[in-house]
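**Student:** Sharing a model that was predicted from the sequence below.
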Amino acid sequence: MDPLAHTLVGAALAETGSKRRSRYATATLIVGANLPDIDAVAMLWGSDTGLYFRRGWSHGVLGLILLPLLLAAAVSLWHRWRRDLRAGEPPFRPGVIIALSYLAVLSHPLLDWLNTYGVRLLMPFDGRWFYGDTLFIIDPWVWLLAATGVVLARSQTASAVGGWLLLGAATTVVILTTDLAPMPVKALWLLGLAALVLLRWIKPGTALTVGIARGSFATLVIYVCAAYGLARVAETAVAAQHPAPLEAQSNPVPGIPHAHRVVLVYEDSYRIVYCDGRSVEVPRTSPDPVVQAAMEDPSIRGFVNWMRYPYWEIAESHDGWTVTLFDLRYVDPGQPVRTIGMARVFVPRSDGSKTTDPNRGQGGS
């Protein structure tokens, strides 16, 4: 999921009552919820290098054991340096901080697993990708449900209100301007924001605010579980309407957990089935020498390691071939590339041999 979702989930966990269990509980939950994304530093060496390292070591089993301990140690050192206790703050409880560190850090790969991007949960021992295929990488209802309790509890000053208004405006621009979210989602988003503003205007008491935070977080959990079930139902239903596939994979529509674009995998083809029932068949073949040379190019090793349902197009010129690789999770053949899921490599003639394959120019494996 996106960084905002991770941050809001960590903050929401604090507002359900966890922040009263120890000093620095809120900070621990928010930092821990984002901590596995320290591998994003690899982006400084280029987007493909970032793709190669993302959702790997820091999201794998070893990182999930060590990162919470490192976080708890850092919080403990901070507490020793700043022992002053403000009025109304709970005492510092190391055991609680360790527990909350694990809760927060483990929430991160769980959220990441829910989308189609994937996460390598067994790193560094096994580089296999795991996919929940449940939610789009940006989900408006995760944002809204996680934010509800946090906004009510953390909007007591003018500066806080201003910050939430700015965040609400920014997220609204994202939802309203993307062509990925359908109009009903955009309308429902505006209604949800209006309901949150009304709740803030009413100013519920502390006890009611905690109750709302817990109810909102419970609704978020129910929503995620329902989305997971609907994704599996969609895969089963679509697969039943076509020849038995080797694999069926759902790609959720942002904000509509019951709508899916499903990829069916066969020995010699893919079939992409859209929400309206339309479908398109895409050839699935083994890479020829040119495509193989492109896949071995170090400039796209991250993309090749990450891609799940590869498809390619080849454009030949007098001095070589331009190979464009797509991942059918995110790209429809013949359609503009609007998100991630594409890489392009030039293969000089010295690196590949010309073939007489009549299907040359497109394919997938």
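**Tutor:** Arrived safely, thanks for sending.

**Student:** before we move on, what SS does the spatially closest residue to Gly341 that is not a sequence neighbour have?
**Tutor:** In space, and not counting its chain neighbours, Gly341 is closest to Tyr330: 3.0 Å by Cβ to Cβ, 6 or more residues apart in numbering. Using the backbone N, CA and C atoms, a C-beta is placed for each residue, glycine as well. What DSSP: H, G, I helix; E, B strand; the rest coil gives for Tyr330 is coil.

**Student:** tell me, how many neighbours does Tyr330 end up with?
**Tutor:** 20 (other Cβ atoms under 10 Å).

**Student:** Same question for Glu313.
**Tutor:** By other Cβ under 10 Å, 16 other residues sit near Glu313.

**Student:** Show me what it bridges to in the sheet.
**Tutor:** As for beta bridges, Glu313 partners with Thr324, Gln362 under DSSP bridges.

**Student:** Before we go further, Ala259 is sitting in a strand, right?
**Tutor:** Yes. Ala259: assigned to a strand according to three-state DSSP.

**Student:** immediately after the lengthiest helix in the chain, which helix or strand?
**Tutor:** Determined from DSSP state H, the single longest helix within the chain is helix 206-240. As assigned by DSSP states H and E, the chain's next helix or strand after helix 206-240 is strand 247-253.

**Student:** pLDDT averaged over that next one - what is it?
**Tutor:** Rounded to a whole number, the mean pLDDT of strand 247-253 is 95.

**Student:** Run me through the strand neighbours of it, direction for each.
**Tutor:** Using DSSP bridges, the strands paired with strand 247-253 are strand 256-265 (antiparallel).

**Student:** what angle separates the partner strand from helix 206-240?
**Tutor:** 30 degrees (axes from the mean of the first three to the mean of the last three Cα atoms, to 10 degrees).

**Student:** starting at the chain centroid, how far to strand 256-265?
**Tutor:** Distance of strand 256-265 from its chain centroid, counting by Cα atoms, centre = their mean, to the nearest Å, is 16 Å.

**Student:** so who does the closest residue to Ala42 other than its chain neighbours touch?
**Tutor:** Distances taken as Cβ to Cβ, 6+ apart put Phe53 closest to Ala42, at 3.9 Å, once the chain neighbours are dropped. Taking Cβ atoms under 8 Å, 6 or more residues apart in numbering, we find Phe53 in contact with Asp39, Ala42, Gly302.

**Student:** mind putting the residues you listed in a markdown table, pLDDT and distance to Thr172 included?
**Tutor:** Formatted as a markdown table, the contacts of Phe53 follow (pLDDT from 0 to 100; distance: Cβ to Cβ, whole Å):
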| residue | pLDDT | distance to Thr172 |
| --- | --- | --- |
| Asp39 | 95 | 30 |
| Ala42 | 95 | 31 |
| Gly302 | 96 | 33 |
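
**Student:** where's Arg83, which helix or strand?
**Tutor:** Assigned by DSSP H and E, Arg83 falls within no helix or strand.

**Student:** Count residues in the vicinity of it, would you?
**Tutor:** Neighbour tally, Arg83, other Cβ under 10 Å: 7.

**Student:** how about the helices of this protein, start to end?
**Tutor:** Residue ranges of the helices in the chain, as given by DSSP H, are 3-15, 25-34, 47-53, 61-81, 94-113, 140-153, 158-177, 183-202, 206-240, 289-295, 301-306.

**Student:** so what secondary structure elements neighbour the fourth one?
**Tutor:** What it means is helix 61-81. With contacts taken as 3 or more Cβ pairs under 8 Å, 6 or more residues apart in numbering; DSSP states H and E, helix 61-81 sits against helix 25-34, helix 94-113.

**Student:** Give me the angle between that helix and helix 94-113.
**Tutor:** Using the same axes, to 10 degrees: helix 61-81 against helix 94-113 is 140 degrees.

**Student:** And helix 61-81, how far out from the chain middle?
**Tutor:** Centre-to-centre, helix 61-81 and its host chain are 24 Å apart (Cα atoms, centre = their mean).

**Student:** what's next to that helix, contact-wise?
**Tutor:** Applying Cβ under 8 Å, 6+ apart, the contact partners of helix 61-81 are 23-24, 27-28, 31-32, 35-36, 57-58, 92, 94, 97-98, 101-102, 104-106, 109, 121-125.
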